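Q: Curious how this folds, go ahead:
(chains A, B and C)
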Amino acid sequence: MSISDDDVKKIAHLARLHISEDQVPGYANNLSSIFELVEQMQAVDTTGVEPMAHPLDIVQRLRVDEVNETDQREKYQAVAPQTEDGLYLVPKVIE
Amino acid sequence: MSWETVIGLEIHAQLATDSKIFSASSTAYGAEPNKQASIIDLGMPGVLPVLNEKAVAMAVKFGLAIDAEIAPRSVFARKNYFYPDLPKGYQISQFELPIVGLGKLEIELESGQKKVIGVTRAHLEEDAGKSLHEDFDGMTGIDLNRAGTPLLEIVSEPEMANAKEAVAYMKKIHSLVRYLGICDGNMQEGSFRCDANVSVRPAGQEEFGTRAEIKNINSFRFVERAINHEVNRQIDLIEDGGTVVQETRLYDPDRDETRSMRSKEEANDYRYFPDPDLLPVEITPEFLSQMREQLPELPEQKKQRFIEQYSLSEYDASALTSNRATAEYYEEAIKLEATDPKLTANWVMGELSAALNEHNLDIESSPVSAELFATLVKRIEDQTLSGKLAKEVFEYMWQGEGDADTIIEKRGLKQITDSGALEEIIVGILKDSPDQVAQFKAGNDKIIGFFVGKVMQQTKGKANPVQVNELLQKLLQA
Amino acid sequence: MPHKKSITELSAGLAAGEYSSVELTEHYLKRIEKHNDLNCYITVDQEGALQQASQADALIASGEAGALTGVPMAHKDIFMTEGLATTCGSRMLENFVAPYDATVVTKIKQAGMVTLGKANMDEFAMGSSNENSYFGRVLNPWNTATVPGGSSGGSAAAVAAGLAPIATATDTGGSIRQPAALCGLTGMKPTYGRVSRWGMVAFASSLDQAGPMAQSAEDCALLLNAMSGFDEKDSTCMDRPVDDYSATLNDSLKGLRIGLPREYFSEDLDPAMRKVVDDALKVYEGLGAQLIEIDLPNTHLSIPVYYIVAPAECSSNLSRFDGVRYGHRCDDPKDLNDLYSRSRGEGFGAEVTRRIMIGTYALSSGYYDAYYLKAQQLRRLIKEGFERAFEQVDVIMGPTSPDVAFPIGAKADNPVDMYLSDIYTISANLAGLPAMSIPVEQVNQLPAGLQLIGNYWSESRLLNIAHQFQQSTAWHSQKPAGFFEGES
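A: The predicted model follows:
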């Protein structure tokens, strides 16, 4: 499995990761060798095997519908890069 | 060429829980920005979701109400994309295994015919926050109070053939979720909104045309207009030799048009996968039967019962049960004063409903309570009030003057039914109008209207017209 | 010289009044400063620690102290500590002050322990050498030209050098056990779901589990007693009673069935490593255990499976770091995309970037079935392999890591080489099983580890098995030169 420079750029965009042009071939190389390693999986026939998302075979616990959070906006926004009037600010979103 | 339209709707109903789907923050509408956003809603590092029991119960009730398969095991998945109102960079939703599977719903068409619309699925998910584009000089403000509010996304089969059917379906779902008490249905606040998938194809063609998705429509009127506009746009486009592209469009009610949302088009590879922070949701047979027991009487069942129990016409029963609050008002009113069901129905659908419409009010916020209303119908039924007087009493009731008897007393609006007193008045009138009496005797039957008018004038409209007629006939022929 | 003592001993010393918690804390704070060059800590909380210590002293004086009251410790910098910087070893969180406490942090506070500071780590727990920290690499006290292992390298180096008597750590693919092995320590990854993940920055949610990094199995048991238990804030945390892990340490090992997977003892295994592992197994035979060869057929697939599952989950878990609500934000973003891409590009280091890309690719349309789904299916086969093995044996043993501490930079340029060093540890995470590493005889003057993998919820038994070994040997008491000579 070989990952091209274009693939790297596509993935980087999907994951919103800025990668400089000169780093692209390095990532393409690394990723190619990792996916080569991963390719070993295809040798095993897994027909009919149920995929396993969790190590434990348990089901979701449910929470009682109760409000017990209070306003802590000031505290939470203390770590925010940019806020105004209680809102988080980002560059203009065009819809 | 003639064209066929195919419409499918995705309705988002905000579930009426107190707390959010995965956190204990309040879902109340209208708080100051970000004051109802907890560390979970903000997607702080290290936080984890725990599922709200009530949201699950509400989804299951909806499934039961549309006769759907309820998945014994459903799975939450992450839908990954970047957007500022989506704090974690993914939305927790359900993908491959939704909690509610295939169900169905019957709608009534304008012709009076019925049509069954399939509901493909309904799944639980969290709502996103809101972006505010004004006021911030080149920046967008993000409010995450709504982030994490539970939503039930109800996906229909592409089985609606025109905008009217789509509206009928949407109204039916709207009524149902309110009946079930799982959604307040408030469309202005965005508690109930829909996306419409619209495509056209030449009449008779089997395969679907390319569809466009119109996002976030939040009123019945706009649904109809948006779909109609989109259908025309697509037909015009094809007839001009163009092709429809699969895309997301936004309906602009001010301009009455849809336009492409290219910004959302870009690279929507959502990379769904099971959320490893949440486990499969199990619906046990016990839970299911518990939910079944808690299910309220549904619109269709209520309508049938009204027809049988109160001998109402299908039309009346249907109107009274179109929403749960009206049906409850009606039943409370007839129960309180044991009034005649048909008479009560007429007055609920007539005077009350007209007044509510005129003032743009829901029946829940009617200034005339069912209790007051019952006293009015009671006095109509026992003929204390004529129809005309009753309308007057209702007017005062609406203005807050109390129950029927209080108003009748205070305003002196009682109908005169004492025949002795009426007879006295009539005898007086006959004595004062010898010419007209002579005309009557000469065979002019129509002159009786003159006498009735006189009686009403003297009694200020409080005489019972039927009784007046009877007495006039008797005394004139004497 | 309290820094030579185990927490069991420190607890006794505090109770007996040999020293106060404040004195003990000051002693460790001084040592941390003195050995700053190891770079074990990202944040040292001098003021907070002394305050907690004096509170602990008051408790001890009033006779209300528990076993751990007043004992200092360090938290891996992956745990949220309210009011204290929590960086996860990343530039992304360089200035992030946590707004809440992780459940593990709360529990350890409740036990009365004193938090010295936050231990260095590979960025977002991704790495096996602690070379991936934005705050600089951590040096192995046994040989400062070598790595301490990772990702909990700061926790391991701190405990090994006596800069904390014990520490918390996390393990997604071996991040407790491998640094424990490379630094001559006893570390345990409990059963998935034993310790709450609330407040622990997620790397791969279905694999992450917190556990103790300690000088001995006895110390592990004490800290695990404090860390474990049900937490309603974590859906994946098991509602199941917690054993007293200290209570059964002295149980007999007679009749213990030890499984030795043929796949762990193949020809690829370094003969020197094989010898020290074999010698350790002989000790167990002497204690009445029986050695049984077993098969774990899909062992070789654990690396490929892990390097799909973990990056897939991490690619999504790390999406929240977008420069909007907290964390690094690039200067002058020209639009939304620029804000995201540059904030993330600048905030994340190369290894994190690499793993996000692997995961993004593996989940992307057209590849999901071939990679993610396939890996999930194989994950089940790996788990079933263990289940079959545990029908025959009580514990599985083998080396923790194929090699001892390697020179700094040796594997830095080749991620695949680095990944291969996780071969023995990864499958316990995939299956969710508890596993430990305990020190055995050194190889080339560097510590080596024996790995013990137990059945689900068998932490008590594992700690007992480890403790009995440590009662018969002294490998766990060896200390690196240059840190323990003299009084401070």
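
Q: all strands of the stretch 351-488 of chain C, in order?
A: C:395-399, C:435-443, C:446-454 (DSSP state E, counting those that start in this stretch).

Q: Dump those to CSV, plus mean neighbour count, mean pLDDT and distance to residue B:249.
A: Just so you know, the C-beta spots here come from the backbone N, C-alpha and C atoms, and that holds for glycine as well. Shown next, in CSV, are these (neighbours: other CB atoms under 10 Å in any protein chain shown; pLDDT from 0 to 100; distance: least, CB to CB, whole Å):
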stretch, mean neighbour count, mean pLDDT, distance to residue B:249
strand C:395-399, 24, 98, 58
strand C:435-443, 26, 98, 54
strand C:446-454, 27, 98, 56
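
Q: Distance to residue C:137 for those - can I get that in CSV?
A: What follows is these, written out as CSV (distance: least, CB to CB, whole Å):
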stretch, distance to residue C:137
strand C:395-399, 24
strand C:435-443, 21
strand C:446-454, 17
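
Q: Which of those sits closest to residue B:186?
A: Closest of the strands of the stretch 351-488 of chain C to residue B:186 is strand C:435-443, at 53.2 Å (criterion: CB to CB).

Q: Can you name the residue of chain A nearest to chain C?
A: Per CB to the nearest CB, residue A:55 is where chain A lies closest to chain C, at 2.4 Å.

Q: what sits against the residue lying closest to that residue once chain neighbours are set aside?
A: Once flanking residues are discounted, residue A:55 sits nearest to residue C:432: 2.4 Å by CB to CB, 6 or more residues apart in numbering or on different chains. For residue C:432, the contact set (CB atoms under 8 Å, 6 or more residues apart in numbering or on different chains) comprises A:54, A:55, A:56, C:191, C:192, C:193, C:383, C:456.

Q: What about the residue in the stretch 101-250 of chain C that chain A sits nearest to, how many residues nearby?
A: Ranked by CB to the nearest CB, the top residue of the stretch 101-250 of chain C for proximity to chain A is residue C:192, at 4.5 Å. Neighbourhood size, residue C:192 [other CB atoms under 10 Å in any protein chain shown]: 25.

Q: confidence score at it?
A: With respect to pLDDT, residue C:192 scores 98.

Q: repeat for the one 10 residues further on
A: Predicted confidence (pLDDT) for residue C:202: 98.

Q: Enumerate every residue touching it.
A: By CB under 8 Å, 6+ apart, the contact set of residue C:202 is B:45, B:46, B:277, C:208, C:313, C:317.

Q: Which helix or which strand is home to the last one?
A: Same thing as residue C:317. If you go by DSSP states H and E, residue C:317 is part of helix C:302-317.

Q: Just the C-alphas of that helix, formatted as PDB.
A: Taking Å, rounded to 0.1, in the frame of the first residue of the first chain, the C-alpha atoms of helix C:302-317 are listed here in PDB:
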ATOM      1  CA  SER C 302      -1.600  -7.300  17.200                       C
ATOM      2  CA  ILE C 303       0.600  -4.500  15.800                       C
ATOM      3  CA  PRO C 304      -1.200  -4.000  12.600                       C
ATOM      4  CA  VAL C 305      -4.600  -4.100  14.400                       C
ATOM      5  CA  TYR C 306      -3.400  -1.700  17.000                       C
ATOM      6  CA  TYR C 307      -2.000   0.700  14.500                       C
ATOM      7  CA  ILE C 308      -5.400   1.000  12.900                       C
ATOM      8  CA  VAL C 309      -7.600   1.000  16.000                       C
ATOM      9  CA  ALA C 310      -5.600   3.400  18.100                       C
ATOM     10  CA  PRO C 311      -5.000   6.000  15.300                       C
ATOM     11  CA  ALA C 312      -8.600   5.800  14.100                       C
ATOM     12  CA  GLU C 313      -9.800   6.600  17.600                       C
ATOM     13  CA  CYS C 314      -7.200   9.200  18.200                       C
ATOM     14  CA  SER C 315      -7.900  11.000  14.900                       C
ATOM     15  CA  SER C 316     -11.400  11.600  16.200                       C
ATOM     16  CA  ASN C 317     -10.500  12.200  19.800                       C
END
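
Q: That one: which residues count as buried?
A: C:302-317 (16 or more other CB atoms under 10 Å in any protein chain shown).

Q: same check, this time on stretch B:471-478
A: Buried residues in stretch B:471-478, counted by 16+ other CB under 10 Å: B:471, B:472, B:476.

Q: I'd like the C-alpha coordinates of it written as PDB, please.
A: Provided in PDB are the C-alpha atoms of stretch B:471-478 (Å, rounded to 0.1, in the frame of the first residue of the first chain):
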ATOM      1  CA  LEU B 471     -96.800  32.600  21.300                       C
ATOM      2  CA  LEU B 472     -97.400  34.900  18.400                       C
ATOM      3  CA  GLN B 473     -99.100  32.200  16.400                       C
ATOM      4  CA  LYS B 474    -101.300  31.400  19.300                       C
ATOM      5  CA  LEU B 475    -102.300  35.000  20.200                       C
ATOM      6  CA  LEU B 476    -102.800  36.200  16.600                       C
ATOM      7  CA  GLN B 477    -105.100  33.400  15.800                       C
ATOM      8  CA  ALA B 478    -107.000  33.800  19.000                       C
END
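
Q: Other residues contacting that stretch?
A: By CB under 8 Å, 6+ apart, the residues outside stretch B:471-478 that reach it are B:419, B:422-423, B:426-427, B:430, B:437, B:440-441, B:448, B:451-452, B:455.

Q: go again using 10 Å as the cut-off
A: Contacts with stretch B:471-478, where a contact means CB atoms under 10 Å, 6 or more residues apart in numbering or on different chains, come from B:419, B:422-423, B:425-427, B:429-430, B:436-437, B:440-441, B:447-448, B:451-452, B:454-455, B:463-464.

Q: What's the biggest helix in the chain, counting residues?
A: Unless you meant another one, I'm taking chain A. In chain A, assigned by DSSP state H, the helix with the most residues is helix A:24-38.

Q: Can you look at chain B instead?
A: helix B:220-239.

Q: swap in chain C?
A: Under DSSP H, chain C gives helix C:374-392 as its longest helix.

Q: Remind me what that helix packs against, helices and strands.
A: Helix C:374-392 is packed against strand C:257-261, strand C:290-294, helix C:302-317, strand C:395-399, helix C:426-431, strand C:446-454, with contacts defined by 3 or more CB pairs under 10 Å, 6 or more residues apart in numbering or on different chains; DSSP states H and E.
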